[in-house]
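A.B. asks: how would this look folded up:
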Amino acid sequence: MAEANGAARDERRIIEETLAEAVTTAGFGTFDIDLRSRCIRLSSGTEESLGYPSGTVANLSQFIRLIHPEDVGHVRKLVTTAEAARLAKIDIVYRLQMRGGEYRIMRGVARCLYGDDGCIARLFGRNTDLTGLSQGRVATRRSQLRALLNAVPDAMLIVDKSGTIESFNRSAEQAFGYSAEQAMGQNLSMLAPREVLGADELAFGRFVRSGNRGQPAPPLIMRGRHADGREIPIEVRVETVSAGDEPLYAVSMRDISERLAAEERLRTLNDELAHAMRVNAMGEMAADIAHELNQPLAALSNYLEAARLLLGRETLSDPRPVEMIEAAVKQAIRAGTIIRRIRKFVTRGEVDIRIEPVEETVRDAVNLVFVGRAQYDVRVNLAFDRQATFMMADRVQVQQVIVNLMRNAIDALQQVGPDNRNILVKAGKAGDMVEISVIDTGPGISEDVVDRLYQPFRSTKGGGGMGVGLTISRRIVEAHGGRIWAENRAEGGACFRFTVPALEEQDGDPDP
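C.D. replies: Numbering: from 1, shown residues only. Alright, predicted model coming up:
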């Protein structure tokens with residue numbers, strides 16, 4: 001009997017201490033749960049604070065129905081764990097539903113009273129409403145997100161699941177012409193309206209939802225719309241960000257106008273270069289054909305002239321044979337004159353000399369090698385001497401020489417292992433000339449080819465080339481007043497070098 005009275009006194013003391021603690025601590029109310037009878041007593045005003053009439057929550061089942069479904073399992077597991085470890089206190093955060101349907105975030109701290117069987121018989125303690133604190137943290141996080149977004153160079157937006165813009169950074173203001181005040185609260189579709197997106201992608205609904213699966217959505221290339229009505233090519237990416245219960249989406253929009261313009265410029269340069277190469281190849285072949293035809297035409301003219309003289313010694317009743325031979329001689333002489341003019345035009349090597357930047361010209365040429373082709377399995381490095389800034393050159397033709405040398409180097413590197421396929425393109429000053437080198441780590445130039453590299457129709461590729469690339473390159477370089485040469489390197493590989501005139505400082509500053 002004495003032991004029972006002592007246990008009751010201990011129980012009352014614990015309850016009184018808990019209630020006293022609840023009174024002195026800002027909270028949402030106290031609770032007393034009898035797990036055996038499943039009865040629950042809430043302090044006065046608790047139910048009313050949730051929007052329910054007093055007496056709505058009288059048993060444990062009714063209380064559990066108010067707990068967020070995602071939190072019920074967690075609460076039960078914590079009670080089971082505490083019971084197994086015979087913990088004196090339980091501390092848990094969970095969500096409690098108000099009558100209007102929204103949830104309050106609660107922190108429940110309860111003391112555990114165990115029965116003779118070792119199981120928890122009662123839980124009594126207090127609830128503290130953390131909703132305001134949680135909302136403050138969410139507001140702080142969103143403020144931090146906005147500050148972070150303003151430091152991003154791309155247009156960056158935060159939108160909710162319906163596509164409503166909650167944040168619009170400075171880069172977005174510059175890209176689309178809207179102020180943050182104008183954009184926030186509007187739907188994302190304002191940046192890509194129906195006539196641009198199409199009905200299926202209106203408001204980016206499908207695209208935004210694709211970023212809500214734990215991984216970033218794949219990038220989307222599309223057209224956006226500026227505030228002034230013009231269209232902007234953009235690359236869009238979406239990622240889910242966490243800022244409270246509701247999911248938010250970080251949408252980055254990169255204006256790719258400059259990238260597309262650069263790609264179009266490279267395509268144009270490649271077309272111009274290909275055209276120049278075709279013209280030069282045709283010219284080279286025409287010059288060599290003219291050279292070969294000139295001698296037989298001269299011989300033909302001589303034979304016809306001799307035939308005319310022989311016939312002139314005879315008395316002919318019909319003068320037409322002599323007249324026809326004289327006409328044939330005139331046409332042979334005319335053909336020879338045409339052929340000599342072709343050779344003179346081709347071999348004269350007329351070039352459009354201008355002041356050109358060395359580094360930009362070389363970089364564009366190297367890029368042209370890879371335009372429209374599968375990436376070659378080679379590593380290309382560039383090195384520039386800052387003293388070789390400008391040159392006096394025909395940009396397209398110099399790029400043609402570099403492309404020819406680069407392609408020869410790439411073909412040579414296919415004969416060695418992938419780990420040893422390296423090309424170094426260098427540009428430096430050599431007296432009053434700019435020297436450009438293409439160095440590879442291939443097998444080098446075979447001895448039977450090295451002395452005849454620049455002969456027409458002599459290819460470094462065996463049967464795989466026409467053999468006019470290096471011949472054309474030499475003509476271009478010599479037309480610039482430079483020279484081109486090749487050598488095998490002691491450490492392996494080949495090195496082709498050529499020179500073009502440098503722009504000397506006393507020549508004046510280049511035009512902008």
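A.B. asks: residue 106 against residue 128, yeah?
C.D. replies: Yes. In this structure, residue 106 is within contact of residue 128 by CB atoms under 8 Å, at 6.9 Å. Yep, even glycine has a C-beta here, placed from its N, CA and C like the rest.
A.B. asks: low-confidence stretches in the stretch 151-300 of the chain?
C.D. replies: For the stretch 151-300 of the chain, applying pLDDT under 70 flags the ranges 151, 193-217, 242-246, 273-292, 294-295.
A.B. asks: related to what we said a few turns ago, more crowded one of residue 106 and residue 128?
C.D. replies: The neighbour comparison of residue 106 against residue 128 (other CB atoms under 10 Å) goes to residue 106, with 21 against 17.
A.B. asks: what strand or helix carries that one?
C.D. replies: Per DSSP states H and E: residue 106 is located in strand 103-114.
A.B. asks: wait, what's in contact with the closest residue to residue 178 other than its chain neighbours?
C.D. replies: What sits nearest to residue 178 in space, not counting adjacent residues and going by CB to CB, 6 or more residues apart in numbering, is residue 227, at 5.1 Å. Applying CB atoms under 8 Å, 6 or more residues apart in numbering to residue 227 gives the contacts 176-178.
A.B. asks: kindly recompute the last result at 10 Å.
C.D. replies: 173, 176-179, 182-183, 190-191 (CB atoms under 10 Å, 6 or more residues apart in numbering).
A.B. asks: quick one: which of those is most hemmed in?
C.D. replies: Compared across those, residue 191 has the highest neighbour count, 28 neighbours, by other CB under 10 Å.
A.B. asks: from residue 159, how far out is that one?
C.D. replies: 11 Å (CB to CB, to the nearest Å).
A.B. asks: what sits against the closest residue in space to residue 183 that isn't next to it in sequence?
C.D. replies: Nearest in space to residue 183, with sequence neighbours left out and distances taken as CB to CB, 6+ apart, is residue 168 at 4.1 Å. By CB under 10 Å, 6+ apart, residue 168 lies in contact with 146, 149-150, 155-159, 176, 178-186, 191.
A.B. asks: surely residue 390 and residue 504 touch.
C.D. replies: Yes. Residue 390 is in contact with residue 504 according to CB atoms under 10 Å; the separation is 9.4 Å.
A.B. asks: which of the two has more neighbours?
C.D. replies: Just comparing residue 390 and residue 504: by other CB under 10 Å the higher neighbour count belongs to residue 390, 20 against 10.
A.B. asks: what about the more buried one, distance to residue 159?
C.D. replies: Taking CB to CB, one finds residue 390 at 49 Å from residue 159.
A.B. asks: now, the contacts of residue 168 that are in strands?
C.D. replies: With DSSP state E as the criterion, strands contain 155-159 from among the contacts of residue 168.
A.B. asks: of the residues you listed, closest to residue 317?
C.D. replies: Distance to residue 317 across these (CB to CB) is lowest for residue 155, with 96.0 Å.
A.B. asks: isn't the closest one up against residue 254?
C.D. replies: Yes. Using CB under 10 Å, residue 155 is in contact with residue 254, at 7.1 Å.
A.B. asks: and for those two, which residues touch both?
C.D. replies: With CB under 10 Å, 6+ apart, residue 155 and residue 254 have common neighbours 171, 175, 234, 236.
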